[in-house]
Every structure is written in C-alpha cells, then in structure tokens.
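S.K.: sharing a model that was predicted from the sequence below.
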Amino acid sequence: MSIIERYREFLPLPDGEPIVTLGEGGTPLVPLPGLSERLGVDVRVKLEGSNPTGSFKDRGMCVAVSKAMQEGAAAVVCASTGNTSASAAAYAARAGLRAAVLVPEGRIARGKLAQALVHGARVVAIDGSFDEALDIVRVLVDRHKIALVNSLNPFRLEGQKTGAFEICDELGRAPDVLCIPVGNAGNVSAYSMGFTEYHQRERAPKVPRLYGFQAAGAAPLVSGHPVERPETVATAIRIGKPARGEQALSAMNDSGGGVAAVTDAEILDAYRLLARTEGIFCEPASAASVAGLIARVGSGDISPGELVVCVLTGTGLKDPDLASAGSEGLIRLPADYDAIEDAILS
Ligand code: F0G
C-alpha cells in the first residue's frame with residue numbers, strides 16, 4: 001500500500017488538494033538470516049530501492065511535489081548527488097511541472113543521471129561539489145517562484161517519516177536499533193520524526209537507538225567540521241556540509257545512538273556481502289548502514305539478540321559501473337556446447 005493510501009491522515013495533505021503519487025512506500029522489510037547468525041543480532045533490511053524511482057526519496061518527493069502543485073509553483077529545483085534529481089524529475093513529470101537539477105559533474109551514478117534526463121528535467125552538471133550546488137539553488141529559490149525539493153523542504157521529511165511508520169507497523173513494535181546512511185542528514189531526521197510520532201500515537205514503548213553512518217572521507221558530523229573536498233566511493237553521500245546536520249546529530253544522540261564513519265573498504269565489503277550471501281543488491285551508500293552495523297556490533301554498542309533494522313536507501317541498479325567493475329569478468333565463448341559445459345562446471 002502506498003504512503004498516501006495508508007498514512008494520509010498523518011501527512012500535511014488535506015482532502016481535496018491534488019496529490020502527485022507514483023505508489024511510493026510499502027517497501028519490503030527482509031530478514032537477513034546469514035548476517036543475523038554471524039552477528040548474533042536479528043537483522044532486517046528495509047528495501048527502499050523498491051520505491052518507484054529506486055530510492056527512498058520518492059516518499060518525500062510525493063509530499064513535496066504535491067505541496068508545490070498546491071502552492072502554484074511553476075517548477076521544482078534541487079541540488080543532488082543523484083537520487084533526489086531522479087525522483088524530482090519523475091514526480092515533476094507526473095505533475096506537469098518543469099524540473100531543474102544541479103549535480104556535481106562526474107560524481108553521479110550513471111543510472112541516476114539517465115533517470116533525470118529521461119524524465120525531461122533540465123540537468124546542469126557543475127564543476128563543483130553537491131554542497132556548492134545546494135548553495136546555488138538556495139539563492140535561486142529566493143529569487144524565483146520555484147519550489148526547492150531538497151530535504152531542506154520540510155514536506156520531504158513528512159513523507160520520509162512514513163518509512164518509520166511502516167517498520168513499526170510491520171514489526172508490531174519499534175526495533176531496538178535503526179542503522180541508516182547519512183549524507184545531507186534529511187532521512188535520519190525524518191526517521192526520528194516518524195518514530196517519535198509513532199511512539200506518541202501508539203504509545204509504543206520506545207524510539208529505537210538511531211545510528212547514522214557517514215563515509216570516512218565525507219564525515220563532517222563525525223569530525224565536527226565541514227569537509228571541503230569530500231571523497232567516497234558512495235557518491236550518494238559525498239557531502240561535506242549536511243544541511244540538516246545539527247538536527248540529525250541531536251536526534252541520533254538523544255536516542256542513545258550516534259554517528260560514526262565507515263571506510264570505503266567496509267562499505268564495499270558490506271555491499272558484496274549483501275549481494276553474494278543475502279541476494280540483495282543495493283547501492284554503495286546504502287551498504288554503509290550494514291557496514292556500520294557490523295562495526296557497532298564489534299564495538300559492543302549493539303547487544304546480542306537486539307532487533308536491528310538497516311535502511312537500504314537505493315537499488316544497486318543505480319550504479320552499474322561500480323557494480324560491474326567489482327565483479328568477476330564475463331566469460332566469453334563461442335556458441336560451442338563443450339566449451340560452455342567446461343566453463344560452467346570447472
Ligand atoms: N542513501 C542514498 C542512496 C542517497 O541517495 C542519500 C542521499 C542518502 C543515503 C543520504 O540521505 O541526504 O537524507 O542523509 N542522497 C541525496 C541526493 C543527497 O541528492 O540524492 P540524506
């Protein structure tokens with residue numbers, strides 16, 4: 001069921017107003033038996049790559065673009081490491097609005113760029129970082145009647161909080177721990193809102209400990225200062241100055257969790273582990289949540305038997321270049337039975 005069908009009463013979308021929806025939400029919560037056994041905790045992953053454009057952004061974009069329509073905006077704009085631009089482009093197309101997206105040239109996964117282009121957005125690749133792109137679009141929306149659909153937009157968070165609702169509804173309670181990748185720090189803030197609202201509404205016993213994970217080369221919330229030149233294989237979270245950093249930090253700390261860094265090597269190990277042993281193909285930024293979980297269990301922050309949900313924020317198909325670079329090569333053969341049998345069985 002989509003977030004509109006299931007949770008509209010908890011969203012700022014009054015009856016009678018137009019809604020722009022592609023059926024977002026209702027994503028699978030899948031147990032990981034292999035990793036659970038290895039770590040001694042009960043691990044589930046929330047497959048946000050199953051959203052219409054392949055990432056969690058759709059939950060927020062549904063609400064943000066519906067609001068932009070209601071407010072009479074002619075266009076939407078965002079800065080993006082890729083997924084926001086893909087989602088904004090799709091929802092704007094659906095709404096009949098123009099979309100413009102600013103992305104850091106050469107630092108966005110190929111699938112995401114293709115999505116923004118195919119949906120007809122005006123795509124501008126800048127010779128600069130995500131953080132610089134965001135500074136520019138903030139000025140643009142001050143000067144023009146264009147809606148900003150980055151997670152600075154509070155309606156994005158309203159939509160994204162439904163991820164937390166789904167987890168609690170499916171488990172029948174809040175998990176003990178939520179592990180989530182952090183870039184601009186909007187999504188962890190949204191989950192915090194969602195768990196808190198759910199807790200108040202349903203008198204659920206608690207809000208989970210929220211652990212956010214940044215890539216070691218792009219970890220401003222861990223180091224306590226902006227990172228001028230963020231660098232990581234997980235391009236989705238290559239962000240040096242998170243717009244919702246302070247809000248997210250208090251949310252994580254107040255929950256009894258916190259923020260930590262994971263190296264690119266740990267991210268890629270988790271990415272391969274998920275693909276090869278659990279049958280789950282997520283993008284590298286998403287695997288940061290599982291890399292972080294493994295490290296937190298190792299450091300004793302997560303105890304045996306606890307129920308942990310890792311949010312896998314986007315599908316692996318977004319980044320085909322990284323996926324094929326890390327895999328074993330193709331075996332090329334003529335259409336010859338013996339040669340093929342030998343290659344398969346050897
Ligand atoms: N995972 C993926 C796959 C993402 O695309 C992002 C953010 C995050 C995690 C982090 O979420 O920013 O709310 O802390 N992507 C943004 C974008 C920045 O432009 O697509 P966050």
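M.R.: Perfect, thanks for sending it.
S.K.: quick one: contacts of the worst-scoring helix or strand of the chain on mean pLDDT?
M.R.: Using mean pLDDT, DSSP states H and E, helix 320-325 stands out as the lowest-scoring helix or strand of the chain, at a mean of 88. With contact meaning C-beta atoms under 8 Å, 6 or more residues apart in numbering, helix 320-325 is reached by 109, 110, 111, 233, 281, 284, 316, 317. The C-beta positions use only the backbone N, C-alpha and C, and glycine is treated the same way.
S.K.: which pair in the residues you listed has the greatest spatial separation?
M.R.: Using C-beta to C-beta, the two most remote members of the contacts of helix 320-325 are 233 and 317, lying 16.7 Å apart.
S.K.: these two - which one has more neighbours?
M.R.: Neighbour tally, residue 233 and residue 317, criterion other C-beta atoms under 10 Å: the higher count belongs to residue 233, 19 against 14.
S.K.: buried residues in the helix or strand that contains residue 35, which are they?
M.R.: Residue 35 belongs to helix 33-39 when elements are defined using DSSP states H and E. Across helix 33-39, burial judged by 16 or more other C-beta atoms under 10 Å covers 35, 36, 39.
S.K.: let me know the closest of those to residue 86.
M.R.: residue 35 (28.5 Å).
S.K.: so who does that closest one touch?
M.R.: Residue 35 touches 43, 273, 277, 278, 290, counting by C-beta under 8 Å, 6+ apart.
S.K.: show the buried residues in those residues.
M.R.: 43, 273, 278, 290.
S.K.: quick one: name the residues of the protein near the ligand.
M.R.: 55, 80-84, 151, 181-187, 236-237, 283, 285-286, 313-314 (C-beta under 6 Å from any ligand atom).
S.K.: and after the strand or helix carrying residue 159, which helix or strand comes next?
M.R.: Secondary structure from DSSP H and E places residue 159 in helix 154-160. As assigned by DSSP H and E, the chain's next helix or strand after helix 154-160 is helix 162-171.
S.K.: by contact count, what packs against that next one?
M.R.: In terms of contacts (3 or more C-beta pairs under 8 Å, 6 or more residues apart in numbering; DSSP states H and E), helix 162-171 is packed against helix 3-7, strand 29-31, strand 42-47, helix 186-202, strand 307-312.
S.K.: that one: what's the following helix or strand?
M.R.: Using DSSP H and E, the helix or strand that follows helix 162-171 in sequence is strand 177-181.
S.K.: report all helices and strands that that following strand contacts.
M.R.: Packed against strand 177-181 by the contact rule (3+ C-beta pairs under 8 Å, 6+ apart) you find helix 186-202, strand 209-215, helix 284-298, strand 307-312.
S.K.: need these in JSON lines with mean pLDDT, can you?
M.R.: Listed next are the helices and strands packed on strand 177-181 as JSON lines, based on pLDDT from 0 to 100:
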{"stretch": "helix 186-202", "mean pLDDT": "94"}
{"stretch": "strand 209-215", "mean pLDDT": "98"}
{"stretch": "helix 284-298", "mean pLDDT": "98"}
{"stretch": "strand 307-312", "mean pLDDT": "98"}
